[in-house]
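**Student:** Based on what follows, work out the 3D shape:
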Amino acid sequence: MTTEIRNWDIVAKAMEAAGTTSSQMYIRAKALAEGKTDPMPTSFPAAPFSISAVAG
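**Tutor:** Model (predicted):
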């Protein structure tokens, strides 16, 4: 298990413990913790503009 997958697993488990499993963030955390493809891709072409570039 990589550090990134372990971190997503921690996020998913914390959200499960808090009962907040109906959000897109939980769906993403759970998928990534299981080693699945990111259901919310943040790279081109799905999201060609960086959030930081828009905010800055």
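
**Student:** In this structure, which helix is the longest?
**Tutor:** For the chain, the helix reaching the highest residue count under DSSP state H is reported as helix 3-18.

**Student:** residues in contact with the helix or strand following it?
**Tutor:** The helix or strand immediately downstream of helix 3-18 is helix 24-33, counting by DSSP states H and E. Helix 24-33 is contacted by residues 4-5, 8-9, 11-12, 15-16, 20, 37-40 when judged by C-beta atoms under 8 Å, 6 or more residues apart in numbering. Where C-beta positions appear, they are placed from N, C-alpha and C, glycine not excepted.

**Student:** Quick check on residue 36: phi, psi?
**Tutor:** phi -90, psi 170 (degrees, to the nearest 10).

**Student:** what sits against it?
**Tutor:** By C-beta under 8 Å, 6+ apart, no residues touch residue 36.

**Student:** And it, how far from residue 19?
**Tutor:** Using C-beta to C-beta, to the nearest Å, residue 36 is found at 22 Å from residue 19.
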